[in-house]
Structures are given as C-alpha cells and as structure tokens.
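Novice: below is the sequence, then the predicted model.
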Amino acid sequence: MGVFRYSPLDFLFTCMGLVFLLLDIGLDIWAVVTFYQEMAYTCLCILLLFLLGSSILVQAFSLLWYSYEGFERETTVEKWLSQRQLKALHVLQLGIYIRHAGVVESSLRSFFTKQQEPQDFAVFLSHDLSMLRLIETFSESSPQLVLMLTIILQRGQIDPVTVLKAFGSASAIAFSVTMYHRSLRSFLPDKKMQRVNSSVVYFFWNLFLISSRLTALALFASVLPCFILAHFLCSWLVLFFFAWRSQTDFMDSPGGEWLYRATVGLIWYFDWFSVVEGRTRYRTLLYHGYILADNSLLCSLWCWKMSTEPPYFEISPLYAIITAVSVVAVYILGLLFKVMYYQCFHPNLSKEELKGDTGEESQTGQPPITGVDSKDETDKDVLDSSLWLTVSECTDTDVVDRSWRSPPAPDIKRCNKRMRKLAENFYS
C-alpha cells in the first residue's frame, strides 16, 4: 500500500477551507439579517431551511463516521471530548468544527516530526472533511445561490457587479468540487499522478455545468416560484430511485446507506457524482442527457413566460431567446470540457493499482494471514503477545535477542476506506 504524503499545499488548502467556512458563516448571518430587515419573511424561511437542513445532514454523516470507527479519537482536540460530549456537539451542530481542528492539529504535527504516521493521519482526516464539504456544497451553497439568483431576477437588478458576485459564488462551488477531486488524486500511484492542468480542466468543466444548471433553475423559479418545489421533489425521486438501483456500498450501516443514497439524489440534482465502480459511460450519458433536456425545458418555460406574461420586468423576446440559448450552450461547453478531461487527463486504473487497502492490512498494519484456521491464528496471536511481553521487559536495556521475531511495524499507512471507494468509482 502506498504512503500518503501531506504536502504544504494540502495544509494551505486546509487553512483556506477553514477561512472560507468562517466567511460563509458570516455571509449567511448577513443574508439572514438582510432578509429580516427587508421583511422578506418567505425568503428568510427558505434560507433558514437550507442552512438548518444542510447542517443537520453534514453533522449526521460526521457522527455516523465517528460511530463506524468506534468513536476512536487520535488528535488531542478530539481526545479532550468524551463520547457523550462528541455526540452532544454534533446535536448542537458543532461537530464539523472538531473535525476541522483535528485536521489542523494533525497537519501541524506532520510538519514538526519526521515520522510518517502524522502525515497519513492528516490525509485520513482531510479525506472525510473533503466529502463533508462536498455534501455541504450541494445541500446549502447551491440551493442558496439559486435563491439569490431568483431574487435578483425577480427584482430586475441585473448589473455587472451582481453578475460578478453570482459568478464568484459559482466559482466557489466549483472550487469545492475541485478540492474533492484533489482528495481522489491522492490515491493515484506516483507514476499515474495527474498534473495541475487536469485540475484546471476539472474546475472549468464543473464551473460551466453547475453555473448552467443553477441559472436554469433560477430562471424557472423567477417566473414560476410555486412549481420549483414540485420540480425538485419529482427530479429527486427519480434520481434517488437510480441511486438505489445502483446498489451503492458506501456506509457501514443500512440506515446510513439509505441516507447516502438520498444525498446522492440531491447532489445529482445539481451535478454528476460517481457512486459505483466500473464503466459508467452509459450512466453518465443518460444523466447528462436528462439534465440537458431538463435545462432546455426550464429555459424554454422562462422564455415563454417572459414573452407572454412578464411578472416583474419586460425584456424583448430576442433577448429572452438569447439568454435561454446561452444557458444551454454553457452546459454543452461544460460537457466538451468534460470530454477533454477524460480524453487527455483521466487515468483508468484497477482498484489494485490505487493507493490504500480496504482489507485487514489497512486496519492492523499487518497483511492478512491466509492458509491457517482460526485455532492456528489464535495460537499465533498468543505467541505474538508473549513475544511482545518479553521484548517490553527488555526495554530498559539496549540489547534484544535478534533470534526472536521483530515486533510488528506501527500502523503508519492509514487509509480512508470511504474515500478509497469513491476513488475506485471515479478512476476504475
């Protein structure tokens, strides 16, 4: 199994993620206060629903992952908390910040020690954090941007500054998805490591696809706001059905797996997400064909509504058609960038070629024992324990009998099996 390295660039991205998280909280508070002062109580309730629902979803995944690992905590920040306190923090929607603090602590330890273990553990924690950020991106940031775009369109406040703000928000969403891609890249062997330009193409691919999708939803919601909820529920049910039929195997409990499939349906509502191993070309074509047709339908309805019954402000039919065609064209441009990525930068690997091991070796640091029955394995464990006791008694001296078996190597090759499954889905 390959060794994971935590580079200074990874630490920089971790710190940037923490800064953006705090900045996002400040902007959310500012938006809530603004809606309250403007007495826009409907928008305020919708925004609070997005914020609270996303927080509950992210905290649920974080708590489930702690429970799957037996609530083992290896960083000093986490060890200060008991199991009950850790659960209480997640109920209070504060558990994600403990994970951020643990990543920062393990990152700093990896820079001040020459041992490999802190680096492996820093990567292990950052992988879970990148997945949680991805869930938060599509459960909070994306719906919130659709809400903001809808308000802008309804008020007719379309100016260069507003357009730049919306573009910046969409870029932040695409950047979060690119950071998830960077986590997947850490499982590639050194000879197959992707260059920076692959991440650039990946960023623009997602930027165009996500921007087009969010704009189409906002255009539809600006003229038919009562139907956007029905559109989401119908689309989500279809996507959730396909996630269920894909037979995903990501979580360690049946309830957690159903929650994951429901979350996949939510992510698919905005962007594609690989959930099963193997060739997914036909699934991807089916998905993008469905979203392209849906975007075209949403833009057509907006164009028709603005030409016949403009709700708030009037634009010429020609401008409406140009806007609708441009939104669809941007999605097609994103598909071209995606084809470019898979043709020029994407390595196709088998699961055995990826770094990390989901078997017994990743948990114990020793390769699994084959060809022995349970009794022989038990006797071996007893023998290993006796040898360890004898060696530990000799720690006061610098002499150890070299005829005895050496103690097992420490578990320095920590592998995040959840992120490895996602890497298998993406690269195989």
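Specialist: Happy to help now that I have it.
Novice: report the buried residues of stretch 200-210.
Specialist: By 16 or more other C-beta atoms under 10 Å, the buried positions in stretch 200-210 come out as 201-210. Every C-beta, even on glycine, is put in place using the N, C-alpha and C of the backbone.
Novice: the helices in the stretch 1-150 of the chain, which residues?
Specialist: Listed in chain order, the helices of the stretch 1-150 of the chain (DSSP state H, counting those that start in this stretch) span 8-37, 41-68, 76-79, 83-91, 95-111, 117-136, 142-155.
Novice: make a markdown table from these and add mean pLDDT, distance to residue 170 and mean neighbour count to it.
Specialist: Conversion of these to a markdown table gives the following (pLDDT from 0 to 100; distance: least, C-beta to C-beta, whole Å; neighbours: other C-beta atoms under 10 Å):
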| stretch | mean pLDDT | distance to residue 170 | mean neighbour count |
| --- | --- | --- | --- |
| helix 8-37 | 77 | 14 | 14 |
| helix 41-68 | 92 | 16 | 17 |
| helix 76-79 | 82 | 33 | 14 |
| helix 83-91 | 91 | 30 | 14 |
| helix 95-111 | 80 | 23 | 20 |
| helix 117-136 | 78 | 15 | 23 |
| helix 142-155 | 89 | 7 | 20 |
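Novice: related to what we said a few turns ago, out of the buried residues of stretch 200-210, list just those in helices.
Specialist: If you go by DSSP state H, these have 201-210 in helices.
Novice: let's have those in JSON lines, adding pLDDT.
Specialist: JSON lines is the format used below for those (pLDDT from 0 to 100):
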{"residue": "201", "pLDDT": "91"}
{"residue": "202", "pLDDT": "91"}
{"residue": "203", "pLDDT": "91"}
{"residue": "204", "pLDDT": "92"}
{"residue": "205", "pLDDT": "91"}
{"residue": "206", "pLDDT": "93"}
{"residue": "207", "pLDDT": "93"}
{"residue": "208", "pLDDT": "95"}
{"residue": "209", "pLDDT": "95"}
{"residue": "210", "pLDDT": "94"}
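Novice: so what's residue 148 up against?
Specialist: By C-beta atoms under 8 Å, 6 or more residues apart in numbering, residue 148 lies in contact with 31, 166, 169.
Novice: helix or strand: which one has the last one?
Specialist: So the one you mean is residue 169. For residue 169, the enclosing helix or strand under DSSP states H and E is helix 160-185.
Novice: still on that earlier bit, now the buried residues of stretch 200-210 in TSV, with distance to residue 325?
Specialist: TSV is the format used below for the buried residues of stretch 200-210 (distance: C-beta to C-beta, whole Å):
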residue	distance to residue 325
201	25
202	26
203	24
204	20
205	21
206	22
207	19
208	15
209	17
210	19
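Novice: closest one to residue 58 out of the residues you listed, please.
Specialist: For these, the residue nearest residue 58 by C-beta to C-beta is residue 210; the value is 19.1 Å.
Novice: doesn't residue 93 make contact with residue 63?
Specialist: No. Residue 63 lies out of contact with residue 93 (C-beta atoms under 8 Å); the separation is 10.9 Å.
Novice: in the stretch 301-428 of the chain, which spans are helices?
Specialist: 317-344, 360-364, 374-393, 417-427.
Novice: quick one: list the elements packing against the helix holding residue 169.
Specialist: helix 8-37, helix 117-136, helix 142-155, helix 196-223, helix 417-427 (3 or more C-beta pairs under 8 Å, 6 or more residues apart in numbering; DSSP states H and E).
Novice: contact partners for the nearest residue to residue 65 once chain neighbours are set aside?
Specialist: Residue nearest to residue 65 in three dimensions, not counting chain neighbours: residue 128, with 6.0 Å by C-beta to C-beta, 6 or more residues apart in numbering. Shown in contact with residue 128 (C-beta under 8 Å, 6+ apart): 62, 65, 99, 416, 418-419.
Novice: could you redo the last one with a cut-off of 10 Å?
Specialist: 61-62, 65-66, 69, 99, 102-103, 183, 416, 418-419 (C-beta atoms under 10 Å, 6 or more residues apart in numbering).
Novice: widest-spaced pair of the residues you listed?
Specialist: Within the contacts of residue 128, 66 and 183 form the most distant pair, 18.9 Å apart (C-beta to C-beta).
Novice: now do stretch 53-69: distance to the chain's middle.
Specialist: 13 Å (C-alpha atoms, centre = their mean, to the nearest Å).
Novice: revised request: answer the last question for stretch 226-242.
Specialist: The answer for stretch 226-242 is 21 Å, by C-alpha atoms, centre = their mean.
Novice: over to stretch 326-342?
Specialist: Worked out by C-alpha atoms, centre = their mean, stretch 326-342 lies 22 Å from the chain centre.
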